[in-house]
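Trainee: kindly return the folded structure for what I paste below:
(chains A, B, C and D)
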Amino acid sequence: MEYNPIKKVVSGNYAAAYAALHARVQVVAAYPITPQTSIIEKIAEFIANGEADIQYIPVESEHSAMAACIGASATGARVFTATSAQGLALMHEMLHWAAGSRLPIVMVNVNRAMAPPWSVWDDQTDSLSQRDTGWMQFYAENNQEVYDGVLMAYKVAETVNIPTMIIESAFILSHTYEVVNMIPQELVDEFLPPRKPLYTLTDFENPIAVGALATPADYYEFRYKIAKAHEEAKKVIKSVGKEFGERFGRDYSKMIETGYIEDADFVFMGMGSLMGTVKEAVDLLRKEGYKVGYAKVRWFRPFPKEELLEIAESVKGIAVLDRNFSFGQEGILFTEAKGALYNTGVRPIMKDYIVGLGGRDFTVRDVKAIAEDMKKVVESGKLDKEIEWYHLKR
Amino acid sequence: MIEIRFHGRGGQGAVTAANILAEAAFLEGKYVQAFPFFGVERRGAPVTAFTRIDEKPIRIKTQIYEPDIVVVLDPSLLETVDVTAGLKEEGIVIINTEKSKDEILEKLKKKPKKLALVDATTIALETLGLPITNTAILGAVAKATGLVNIESVEKAIKDTFSGELGEKNAKAAREAFEKTEIFEV
Amino acid sequence: MEIPEEVKKRLTIPFEENFFAGHTACQGCGASLGLRYVLKAYGRKTIVVIPACCSTIIAGPWPYSALNANLFHTAFATTGAVISGIEAGLKALGYKVKGEDGIMVVGWAGDGGTADIGLQALSGFIERGHDAVYIMYDNEAYMNTGIQRSSSTPYGAWTTNTPGGKRHLLEKRHKKKVIDIVIAHRIPYAATASVAYPEDFIRKLKKAQKIPGPSFIQLFAPCPTGWRAPTDKSIEIARLAVQTAYFPLFEYENGKYKINMPNPKKEPKPIEEFLKLQGRFKYMTKEDVEALQKWVLEEWERLKKLAEVFG
Amino acid sequence: MNTLFGKAKEEAKPITPKSVDEYPEAPVSLGITLVNFTGDWRTFMPVIDESKCVKCYICWKYCPEPAIYIKEDGFVAIDYDYCKGCGICANECPTKAITMVREEK
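Mentor: As a prediction, the model looks like this:
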């Protein structure tokens, strides 16, 4: 069957819900939170319309949402959930549990700022705070990537048995309608076969206990297994991304998507929806003679060290755009990127721009202003300061 | 790329109007983007929504600051909101009102190139029985801008609202399309 | 291993053993006995969920399991949610859950994991109506962490964070009536049980298996370590808890209460008989004992009235 | 066979992985606790006087290990590999057929 996309104008949240439907998820346990809510509303609608045969658990909290997902996944079912910010934070304990139990749950997190003060707007600190839980993290630039990301996530997660978070921006994607090319069910089924679980709780002839106490004599090895699975995941991500491109024309074989890198003096590096605006701005900057490019980090976990090195080797500077902050240090992507390069000896000049926290709009004009600043840094070879709170009212 | 900004009040369907306009343009093969102002407005409070229409994929992820077209669903907003803020020189303004061109122009801070007026509230009340003007005003948008055909608007409306509700709303749009007055300023 | 039929006939609880020896419970542990009974009642076609509690350790450190049934270890607060998820997963995969030949999904959590940190998930589980059985084994304190009070700890009990002493910082709150909270959900089936009455407990487990929807059993399970009691007295103490009406046995089914005391006509024994075997009550004053006795009898009268009105 | 668990006890073998490759991918159990002989926890050992035993099986019923089994002749016996010596059986025996005896190891 040839791929003729089913084009729909949908919000990022609906793109996520359609992807879950097309992935034939079997259990959904979720709790409402702005701006994630319309994902589960849409899934409830699919069930109500008879479009989906899903066991839907309307749990009483996000902690229970992830716990119920873990229970369902341990039976061998394909499981989906979604959350945001405070909800994700409440789930934190169980995120470790899902990864430690090696359950390939896929979750969409709508990036939203952590309170207080209350905010419902875009910010990456919620998901980046879950960095060390053992989950893989994919940041979507647009609604198409939300849809594609969920489908690929199941394939990758179920290959390496590691849970995966697909991350979209609050409102900027979650509530924005865009054209999304969906995939006919038959072709999704060919791409994504039913799950083959690592273990299940349904073999009563050979019963097992999962997650028992491991003493210092044994715990260590299980951590290593997860670390290895993440290393393995890099290969799987690339091959699944390539296969996706071959089947559906949208290539995801790179964990970092780049543009104008060959002759760029410096690149903007960042994650998620703000990179769409960066791409638009870079086109304009190129016309104005700036030798600038972009590097969009799609997968934050596992971290694409090798691809970052290739980029670092070809540019003089990297302007990191962090819509997040780790208090007492700096933007989180900035820390990660610097750390990844340290032992390679390849050290382009890097500056961290803290932008758009709590949903402050990040515009083409902002990208141009940062380009102006970064150009000076690259030309002089000197950092006036390492971290710039770009949007700060002064 | 054409950028459109809608002004309405919570409950009048400005966000839905932005979505339906996007859907109509999509039906004509365009790339589209529609989104609300990311606020927490409740019913009755001023609301803003946006649509972008382009021939190529739309990558930009910011709000609209310099619209090509401004659509006002509730005439009372002219008293409190600067609806023409950032409007481009060649800009078009479409307003739901019973008032005359001159009365309206007096209220606008910036003069548009083109002004389109329609009494969408009366049309909505007559066709739907409710003062929800979002579908009617889209008829005026089609007429004043030529961005989309009225047929595409009607289809997008019927895709959004099923059955009789869709028919009635499409009728409201068609009627507004016919009754819209356009003035070159 | 097989035994003669005439012997089998004389057994009052099922012969089949699905709880392995070699587990690491303390000597005289009531909880381990309770888990043994659960596996006798339900057999191998069971998925047990255990949160952080003594049973985490009892069930065996990796790579071993003491259960001849599938077991999923989970985080403290999550028993109700994980059994909900397992039930949904099984149904999504087309398995029959609960009932005579269905897979039994069992939550096995302590009093802290049920009455305190797990209460929200328990409520969600019951309210949504999942086909699973939640068993709270009640040893009346956080025993796994070394004897700290829970909301299920009784009035007058010593624990390491209600240590008595000069200022008499002793537990002065009465035991939380978790089962009343459960019944407030109008659950299809709830019951209290005791390890001293395994026939009654197993009958209740079987009933819970048959009745569709969620079931809840609060099992009284003495902890000689935490209760500062001799290891051989676990059953005796559990029996006295029932006989003094400190922990009365009853069922709530289909909106009706039914008391199942061993000697229904007998007046409750004085509470001292229950207290005196346990070191944890040694700091109680005469007034404390009176206060507890008063509470026990009031609650007992209340239960009797409920059984009378809604029997 | 002098045990409740028969073949399962015989087959239960200690598992001690030497290299990371011998570990399963997920923390899933590989064996059962019957490998763990908890009998050495004991200070007092229960001794059964068959002349007093009335075959009521109350001791069997209340053993938390479980370490009490029923023999073919209907009398009960104790698997001392697992009995921790808690004394519940002796305390509950209605005919005092079980006594706890100080054990020299």
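
Trainee: where along the chain do the helices fall?
Mentor: I'll assume chain A. A:12-22, A:37-48, A:62-74, A:85-100, A:125-128, A:143-160, A:185-191, A:219-248, A:274-287, A:305-314, A:332-342, A:364-380 (DSSP state H).

Trainee: that answer is for a different chain, and I need it for chain B
Mentor: Assigned by DSSP H, the helices in chain B fall at B:14-27, B:77-80, B:101-107, B:120-127, B:134-145, B:150-160, B:163-179.

Trainee: looking at the ones you listed, which is nearest to chain C?
Mentor: Among the helices of chain B, helix B:150-160 comes nearest to chain C, with 32.0 Å by CB to the nearest CB. Bear in mind the C-beta positions are built from the backbone N, C-alpha and C, glycine included.

Trainee: show me what that closest one is packed up against.
Mentor: helix B:14-27, helix B:134-145, helix B:163-179 (3 or more CB pairs under 8 Å, 6 or more residues apart in numbering or on different chains; DSSP states H and E).

Trainee: now the closest residue to chain A within chain C: closest residue in space that isn't a chain neighbour?
Mentor: Going by CB to the nearest CB, chain A is nearest to C:Gly85 of chain C, at 2.7 Å. Taking CB to CB, 6 or more residues apart in numbering or on different chains as the measure, C:Gly85 lies nearest to A:Gly71, with 2.7 Å between them; neighbours along the chain are not counted.

Trainee: ok, now which ones touch the residue nearest to C:Ile237 when sequence neighbours are not counted?
Mentor: Distances taken as CB to CB, 6+ apart place C:Pro222 nearest to C:Ile237, at 4.9 Å, with adjacent residues excluded. By CB atoms under 8 Å, 6 or more residues apart in numbering or on different chains, the contact set of C:Pro222 is C:28, C:30, C:139, C:195, C:229, C:233-235, C:237-238, C:241.

Trainee: also A:Asp189?
Mentor: A:Arg24.

Trainee: circling back to that earlier point, count the residues that sit near the residue nearest to C:Gly85.
Mentor: 34 (other CB atoms under 10 Å in any protein chain shown).

Trainee: that one against C:Leu90, yeah?
Mentor: No - contact criterion CB atoms under 8 Å: A:Gly71 and C:Leu90 do not qualify, at 9.5 Å.

Trainee: intersection of neighbour lists for the two?
Mentor: With CB under 8 Å, 6+ apart, A:Gly71 and C:Leu90 have no common neighbours.

Trainee: any regions of chain D where pLDDT drops low?
Mentor: Across chain D, the ranges flagged by pLDDT under 70 are D:1-2, D:105.

Trainee: up against chain B, what does it have?
Mentor: Applying the criterion CB under 8 Å from any CB of the partner chain, no portion of chain D neighbours chain B.

Trainee: which helix or strand in chain B has the lowest average pLDDT?
Mentor: helix B:77-80 (a mean of 92; mean pLDDT, DSSP states H and E).

Trainee: next, the buried residues of it.
Mentor: For helix B:77-80, burial by neighbour count (16 or more other CB atoms under 10 Å in any protein chain shown) applies to B:77-78.

Trainee: same check, this time on stretch A:379-388
Mentor: Buried residues in stretch A:379-388, defined by neighbour count with 16+ other CB under 10 Å: A:387-388.
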